[in-house]
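J.: Provided below are the primary sequence and the corresponding predicted coordinates.
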There are 2 protein chains.
Amino acid sequence: MGTVSKALSLLTYFSRSQSLIGLSELSRLSGLNKATVHRLMSELQAQGFVEQAGAGREYRLGVAFLRLAALREAAVPMRDVTLDVLTELAEATGETAHVSLLQGDTLSTLAYVYSHQHGTRVTMEDADILPLHATSSGLCVLSFSADAFVDAALEAKLEKLTEQTEVNPTKLRAILAEVRENQMAESVANFEADVHTHAMPLFDSRQACIGAIAVAAPVSRMNAAHRDNIRAQLRDAAPRLTRLMGGFLPQSFKEAAA
Amino acid sequence: MGTVSKALSLLTYFSRSQSLIGLSELSRLSGLNKATVHRLMSELQAQGFVEQAGAGREYRLGVAFLRLAALREAAVPMRDVTLDVLTELAEATGETAHVSLLQGDTLSTLAYVYSHQHGTRVTMEDADILPLHATSSGLCVLSFSADAFVDAALEAKLEKLTEQTEVNPTKLRAILAEVRENQMAESVANFEADVHTHAMPLFDSRQACIGAIAVAAPVSRMNAAHRDNIRAQLRDAAPRLTRLMGGFLPQSFKEAAA
DNA sequence: AACCGACGGTTTGAATAATGAACCGCAACA
DNA sequence: TGTTGCGGTTCATTATTCAAACCGTCGGTT
């Protein structure tokens, strides 16, 4: 791994629940030497990617990202377009709709929209990271990813997040084949108990899978009619969003859909 | 300059007007070897900071920034708070209000809000870069920055953006002293003809100047009463925003304000 | 078709920069 | 007064990065 990758991977340890990280802890988390981490962080700091705050001079993400995210969004208005589609989807299904994108080897939430038709709903957080093996979005992405990527993902220690979570690689591979055939992933209480989600993949301009669009409903509200509606809405929304983001459906996907 | 800084500085060449940059051009812009740029970009790409698009496999900013900006905003809700203050300021003055932050050695627009009281207004773009010597925000920041930083800024070739732009370092230093005394910078047609702006500095928790808040009005609309109002509103808004962002006014600033 | 220039990308020995163990000063704690 | 853990620094060793030349490819031109 190159120096730049090391530096950038340090940024991945920051999360919503851990927004302040000290030098020693960062060293421990990354397995890099403290001196190395210090030098890397100094460089990140000089560029505004990170700043020091708090009594212990701990690090946190810097303001540079606000500017760069604005530029990215100006160049490729993904979030805007996504929010439009999600709003329609949430309205049409009466459930929480969300889109997650693959960034390196982790899947993170780009945007979500709640429906206001029911008092109960599945709630989410922006920029949250979703496990690939335990969410319908993750299974979707794996289903349409290169073998090497799938192998790496299933080799890792798979966390059992609920009693229902499937952590057996062989069984997961069988599920992936199913998802590929149906072009849709379904997940019941794999990530959180009482949540039933459907997801479909999203593709970029080179027909590579870049993420997924999903609808998450409370298990208690699910029935055959509701499920049919969610599936139909998703089958409409997913290819539409792919196209709006400038992507193209892979041949295999188009054919199966026909 | 370390490798990480080089890699990150490559990102600074992307702008609203130039969102796609090829390998050779990036090499030319940065002065780095093509092979170097290629390797650095490959690493940035692997982390999702950059992606390739277009027929020529050119580079553009990646999706990683959306996630990191969301995390930054969750940790330090600067933009939210700023937009609130700017909305009030724009309403109270009837003019365009904006906030710019220092990122490394460049000043870039964080947010702006238009007033709807007049048909004409000063328009802006998010994430735009402002010259330090030719804007009231820039002069503000320089006035409250360390000498070394000011020296470096004034040493550089100062672009003459309008006929009024002051590019003489000696005269600029005199202006900085004035700004420091008034705690406010005023700029008439220095950046763009027909624009009259007032700006005041913003500070972080270590009392270092991190940017400025400004009100920009068409020259044609300026008069004594309007100016007095803008100044009064700005004197209220600037310290308020500093406090809301978790910053503290430096002693010298507080005293002079009293 | 042959040529041209510019593109993204790759190779090379030579030079530069990254590395990590030990260390420093400091503050909290016992 | 000793211990622990913190952020940060030093410096000889070593691995990474650099620059220049080189590929194959693509569009346009002659």
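T.: Arrived safely. Numbering: from 1, shown residues only, chains lettered A, B, ... in the order given.
J.: quick one, strands of chain A?
T.: Ranges of strands within chain A are A:50-53, A:58-61, A:96-103, A:106-113, A:129-130, A:185-188, A:195-203, A:209-218, based on DSSP state E.
J.: Report how many residues lie close to A:N229.
T.: 15 (other CB atoms under 10 Å in any protein chain shown). Using the backbone N, CA and C atoms, a C-beta is placed for each residue, glycine as well.
J.: A:L89 is in contact with that one, correct?
T.: No - between A:N229 and A:L89 there is no contact under CB atoms under 8 Å: 11.0 Å.
J.: still on that earlier bit, got the strands of chain A as CSV, with distance to A:G247, mean neighbour count and mean pLDDT columns?
T.: Listed next are the strands of chain A as CSV, based on distance: least, CB to CB, whole Å; neighbours: other CB atoms under 10 Å in any protein chain shown; pLDDT from 0 to 100:
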stretch, distance to A:G247, mean neighbour count, mean pLDDT
strand A:50-53, 32, 20, 88
strand A:58-61, 28, 22, 93
strand A:96-103, 12, 26, 95
strand A:106-113, 14, 22, 95
strand A:129-130, 20, 20, 94
strand A:185-188, 18, 22, 96
strand A:195-203, 4, 26, 97
strand A:209-218, 7, 26, 97
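J.: Same list, these, but as CSV with distance to chain B please.
T.: Below are the strands of chain A laid out as CSV (distance: least, CB to the nearest CB, whole Å):
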stretch, distance to chain B
strand A:50-53, 7
strand A:58-61, 4
strand A:96-103, 4
strand A:106-113, 5
strand A:129-130, 9
strand A:185-188, 21
strand A:195-203, 11
strand A:209-218, 8
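J.: Which strands or helices does the lengthiest helix in chain A pack on?
T.: Longest helix in chain A, counting residues (DSSP state H): helix A:224-244. Helix A:224-244 sits against helix A:78-93, strand A:195-203, strand A:209-218, with contacts defined as 3 or more CB pairs under 8 Å, 6 or more residues apart in numbering or on different chains; DSSP states H and E.
J.: how distant is it from the center of its chain?
T.: 18 Å (CA atoms, centre = their mean, to the nearest Å).
J.: do stretch A:196-203 as well
T.: With CA atoms, centre = their mean, you get 11 Å for stretch A:196-203.
J.: okay, and the helix or strand of chain A with the least pLDDT?
T.: When the helices and strands of chain A are scored by mean pLDDT, DSSP states H and E, helix A:251-257 comes last with a mean of 67.
J.: who wins for proximity to B:M184 among the strands of chain A?
T.: strand A:50-53 (26.4 Å; CB to CB).
J.: and the closest one, which strands flank it?
T.: In the sheet, strand A:50-53 lines up against strand A:58-61 (antiparallel) (DSSP bridges).
J.: How many neighbouring residues does the residue nearest to A:R206 when sequence neighbours are not counted have?
T.: Among residues not flanking A:R206 along the chain, A:F248 sits closest, at 7.9 Å (CB to CB, 6 or more residues apart in numbering or on different chains). Counted with other CB under 10 Å, the neighbours of A:F248 add up to 16.
J.: What's the separation between the nearest residue in space to A:R240 that is not next to it in sequence and A:R227?
T.: Spatially, and ignoring its direct neighbours in sequence, A:R240 is nearest to A:V85 (6.4 Å; CB to CB, 6+ apart). Separation of A:V85 from A:R227 (CB to CB, to the nearest Å): 20 Å.
J.: Please identify which of these two sits among more neighbours.
T.: Comparing A:V85 with A:R227 by other CB under 10 Å, the one with more neighbours is A:V85, at 22 against 14.
J.: separation between that one and DNA strand D?
T.: From A:V85 across to DNA strand D, the span is 32 Å (CB to the nearest atom of the strand, to the nearest Å).
J.: That residue and chain B: what is the separation?
T.: 16 Å (CB to the nearest CB, to the nearest Å).
J.: so that residue sits right up against A:I213, yeah?
T.: Yes - here A:V85 lies in contact with A:I213, judged by CB under 8 Å, at a distance of 7.3 Å.
J.: Get me the contact residues on chain A for DNA strand D.
T.: Proximity of chain A to DNA strand D, by CB under 7 Å from any atom of the strand, involves residues A:2-4, A:22-25, A:34-35, A:38, A:41-42, A:52, A:56-58.
J.: Give me the subset of the residues you listed that also touch DNA strand C.
T.: Applying CB under 7 Å from any atom of the strand to these, those adjacent to DNA strand C are A:T3, A:K34, A:A35.
J.: Most neighbours out of these, which is it?
T.: Neighbour max across these (other CB under 10 Å) = A:T3, 18 neighbours.
J.: related to what we said a few turns ago, who's in contact with the longest helix of chain A?
T.: A:81-82, A:85, A:88-89, A:92-93, A:95, A:97, A:99, A:183-184, A:198-203, A:213-215, A:217, A:248-249, A:257 (CB atoms under 8 Å, 6 or more residues apart in numbering or on different chains).
J.: at 7 Å instead, please
T.: A:81-82, A:85, A:88-89, A:92-93, A:95, A:184, A:198, A:200, A:202-203, A:213, A:215, A:217, A:249 (CB atoms under 7 Å, 6 or more residues apart in numbering or on different chains).
J.: can you redo the helices and strands packed on helix A:224-244 as CSV with distance to A:A237?
T.: Converted to CSV, the helices and strands packed on helix A:224-244 look like this (distance: least, CB to CB, whole Å):
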stretch, distance to A:A237
helix A:78-93, 5
strand A:195-203, 8
strand A:209-218, 6
